[in-house]
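*Asks:* coords please:
(one chain, ligands or ions: 1)
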Amino acid sequence: MQSVDLAVTALHGSVGDPALNSMNFLNEVAQHYPRAVSLAAGRPYEEFFDSTLLHAHLDRFRRHLDEDLGLDRVQVDRMLLQYGRTKGIVHHLVARNLAVDEGLTVDPESIVVTVGCQEAMFLVLRALRARPADVLFAVAPTYVGLTGAARLVDMPVRPVAGGPDGVDLVDLRAQVRGARAAGLRPRGCYVMPDFANPSGVSMDTGQRRRLLEVAAEEDLLLIEDNPYGLFPAEGTPRRPTLKALDTDRRVIYLGSFAKTVLPGARVGYVVADQRVGGPDGVVVPLADHLAKIKSMVTVNTSPISQAVIGGALLAHDCSLVAANARERAAYARNLRHLVDGLARRFPAGGAVTWTVPAGGFFVVVSVPFPVDDALLHRSAGEYGVLWTPMAHFYDAGTPVNALRLSVSAVTPKLIDVGLDRLAALVTDTAARAGVPA
Ligand SMILES: Cc1ncc(COP(=O)(O)O)c(C=O)c1O
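*Replies:* Numbering: from 1, shown residues only. A predicted model of the protein is given here:
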């Protein structure tokens, strides 16, 4: 029998797109060099993982269904074991968490609980992308999961300058106006106001307010992604989310429990309270339409995973700030250790510079030579250290002179080993290129 051969060019364009290959490539490099110290992974710290807590969380959520919501045994079993509500079964606890930790009042009906934040991005972009002229803006450098999700729905992502304030509002306005003048339809701008991945940059409260003003003046939706907001560095105050400052339902808010509870549950959510009117005059929250899309992608988020997350929320009175005290301290310690370690290894005023984020997982190091995937392979194979080329976070994909370091999945001791190796790589590569390090 003749085998079926398909050309990649005959498949959807996304499968041949570098954005979709980025996560796999980085995982494969890590697997290929298991002995290398990884300053690449943005995974959460594993020291506090405790799988024995899963039972406790499940039990806690079962008791909640029984004691707080008054469900009988059959109803509890159905809720946990059967196909379920598309928008989720922990939406009320997510709403409570947002109230407790973010001072945000949201109607639980405007929440869709998703398979990670990644699914939430896909649902939002799928819904927003209606016509070929639709474009999305995103502060550059951009999280590759967003770029990849946009590829799946054929929505171009246009970069907006980030800069030290988190978003260059002059550029944002110019980009939006330029796109409209070119006949395109801006559908929104993706932003990460807190400790962005990969830049590490945060917006201060004034900048958040100004961004909301510009978005209002330009009639633009904002898509706020906030997986790292609970992890400020020592002495850094937490700032209000854009959604908390938003008075006209301009912000679609994406949340993830990957960093604040556990990534293996694959639970995230989207708050989509924008009112959508239908031809029949009925107005429903955007969340209801996202749920329709979800019903054809993942049907519903695993109720067992949701129950684990729900139980973890209940165990801490729905405060993940309280639940993450140890994690916050570990990330802040690691961030300080990394930044101090860079300062010890690279001279002030030299060609190597780095960001000093106010929190989160990521530091960007600028070096005096282009950083590409081949250099990453050499770094992992010959020097034993992994990091992420910043080119992966720019759509053009051309090498930039910078790399991202992550502090989330390492110890201070490993940071020291990793930085010694990185310093050797940088010194040797600069010497090869004939530039001072
Ligand atoms: C900015 C950003 N958004 C979303 C996600 C994905 O979250 P989830 O694991 O909930 O899909 C990540 C994960 O690293 C991230 O860095």
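*Asks:* any chance you could map the strands in the stretch 151-300 of the chain?
*Replies:* Under the criterion DSSP state E, counting those that start in this stretch, the stretch 151-300 of the chain contains strands at 157-161, 185-191, 222-225, 251-256, 267-271, 275-277, 283-285.
*Asks:* Point out where the stretch 1-150 of the chain drops to low pLDDT.
*Replies:* Counting by pLDDT under 70, the ranges of the stretch 1-150 of the chain that qualify are 1.
*Asks:* need the contact list for residue 105.
*Replies:* 98, 99 (Cβ atoms under 8 Å, 6 or more residues apart in numbering). Yep, even glycine has a C-beta here, placed from its N, CA and C like the rest.
*Asks:* Dump the strands of the stretch 151-300 of the chain to a markdown table, plus distance to the ligand, mean pLDDT and mean neighbour count.
*Replies:* Formatted as a markdown table, those follow (distance: least, Cβ to the nearest ligand atom, whole Å; pLDDT from 0 to 100; neighbours: other Cβ atoms under 10 Å):
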| stretch | distance to the ligand | mean pLDDT | mean neighbour count |
| --- | --- | --- | --- |
| strand 157-161 | 14 | 97 | 19 |
| strand 185-191 | 9 | 98 | 22 |
| strand 222-225 | 5 | 98 | 26 |
| strand 251-256 | 3 | 98 | 26 |
| strand 267-271 | 4 | 98 | 28 |
| strand 275-277 | 24 | 97 | 11 |
| strand 283-285 | 21 | 97 | 16 |
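*Asks:* out of these, nearest to residue 407?
*Replies:* strand 251-256 (18.1 Å; Cβ to Cβ).
*Asks:* residues making contact with the closest one?
*Replies:* 94, 98, 104, 116-117, 120-121, 124, 188, 212, 221-227, 241-243, 268-272, 274, 286.
*Asks:* Can you list the strands that that strand pairs with?
*Replies:* Strand 251-256 has the following sheet partners, assigned by DSSP bridges: strand 222-225 (parallel), strand 267-271 (antiparallel).
*Asks:* Now render those strands as a markdown table, adding distance to residue 343.
*Replies:* Below are the strands paired with strand 251-256 laid out as a markdown table (distance: least, Cβ to Cβ, whole Å):
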| stretch | distance to residue 343 |
| --- | --- |
| strand 222-225 | 30 |
| strand 267-271 | 36 |
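*Asks:* mind checking which of those strands is nearest residue 80?
*Replies:* Among these, strand 267-271 comes nearest to residue 80, with 14.3 Å by Cβ to Cβ.
*Asks:* distance between that closest one and the chain's centre?
*Replies:* Here the centre of strand 267-271 is set off from its chain's centre by 12 Å, with Cα atoms, centre = their mean, to the nearest Å.
*Asks:* And stretch 45-56, by the same measure?
*Replies:* The answer for stretch 45-56 is 22 Å, by Cα atoms, centre = their mean.
*Asks:* and it, does that touch the ligand?
*Replies:* No. Shown here: stretch 45-56 not in contact with the ligand (Cβ under 6 Å from any ligand atom), separated by at least 13.6 Å.
*Asks:* number of nearby residues for residue 328?
*Replies:* By other Cβ atoms under 10 Å, the residues close to residue 328 number 18.
*Asks:* for it, helix, strand, or coil?
*Replies:* Per DSSP: H, G, I helix; E, B strand; the rest coil, the local secondary structure of residue 328 is helix.
*Asks:* Now for it: which residues touch it?
*Replies:* Applying Cβ under 8 Å, 6+ apart to residue 328 gives the contacts 230, 231, 232.
*Asks:* By neighbours, which of these wins?
*Replies:* Within the contacts of residue 328, residue 231 tops the neighbour count with 26 neighbours, counted by other Cβ under 10 Å.
*Asks:* was I right about that one contacting residue 358?
*Replies:* No. Assessed by Cβ atoms under 8 Å, residue 231 is found out of contact with residue 358, at 10.1 Å.
*Asks:* and for those two, which residues touch both?
*Replies:* residue 195.
*Asks:* Can you get me a residue count around the residue in the chain positioned nearest to the ligand?
*Replies:* Nearest residue of the chain to the ligand: residue 116, at 2.6 Å (Cβ to the nearest ligand atom). By the criterion of other Cβ under 10 Å, residue 116 has 22 neighbours.
*Asks:* thought it was touching residue 259?
*Replies:* No. Using Cβ under 8 Å, residue 116 makes no contact with residue 259, being 11.1 Å away.
*Asks:* quick one, what contacts residue 239?
*Replies:* Applying Cβ under 8 Å, 6+ apart to residue 239 gives the contacts 193, 194, 202, 203, 204, 205, 208.
*Asks:* Residue 237 versus the residue nearest to the second one when sequence neighbours are not counted, what's the distance?
*Replies:* Looking back up the chat, that one is residue 194. With sequence-adjacent residues excluded and distances taken as Cβ to Cβ, 6 or more residues apart in numbering, residue 194 is closest to residue 229, at 3.9 Å. Separation of residue 229 from residue 237 (Cβ to Cβ, to the nearest Å): 12 Å.
*Asks:* Look at the two and report which has more neighbours.
*Replies:* Shown here are residue 229 and residue 237; by other Cβ under 10 Å, residue 229 has more neighbours (26 against 7).
*Asks:* give me phi/psi at the more buried one?
*Replies:* The phi and psi values for residue 229, taken as degrees, to the nearest 10, are phi -60, psi -20.
*Asks:* Contact partners for the residue most central in space within the chain?
*Replies:* Nearest to the geometric centre of the chain sits residue 227, at 5.4 Å (Cα atoms, centre = their mean). The neighbours of residue 227, taking Cβ under 8 Å, 6+ apart as the test, are 117, 197, 255, 256, 258, 259, 260.
*Asks:* what's across from the third one in the sheet?
*Replies:* Taking DSSP bridges, one finds residue 269 as the beta-bridge partners of residue 255.
*Asks:* Report the separation between it and residue 38.
*Replies:* Separation of residue 255 from residue 38 (Cβ to Cβ): 26 Å.
*Asks:* cool, and the fifth one?
*Replies:* Plainly put, residue 258 is 17 Å away from residue 38 if you go by Cβ to Cβ.
*Asks:* now the fourth one
*Replies:* Between residue 256 and residue 38 the computed distance is 21 Å (Cβ to Cβ).
*Asks:* what distance separates the start and the end of stretch 339-351?
*Replies:* End-to-end span of stretch 339-351 (Cα to Cα, to the nearest Å): 16 Å.
*Asks:* nope, stretch 376-393 is what I was after
*Replies:* 15 Å.
*Asks:* quick one: average confidence on that stretch?
*Replies:* Per-residue pLDDT over stretch 376-393 has a mean of 96.
*Asks:* Can you point out the buried residues in that stretch?
*Replies:* For stretch 376-393, burial by neighbour count (16 or more other Cβ atoms under 10 Å) applies to 376, 379-380, 383-393.
*Asks:* Flag every residue of the stretch 201-350 of the chain that's near the ligand.
*Replies:* Residues of the stretch 201-350 of the chain lying near the ligand by Cβ under 6 Å from any ligand atom: 225, 227, 256, 258, 263, 268.
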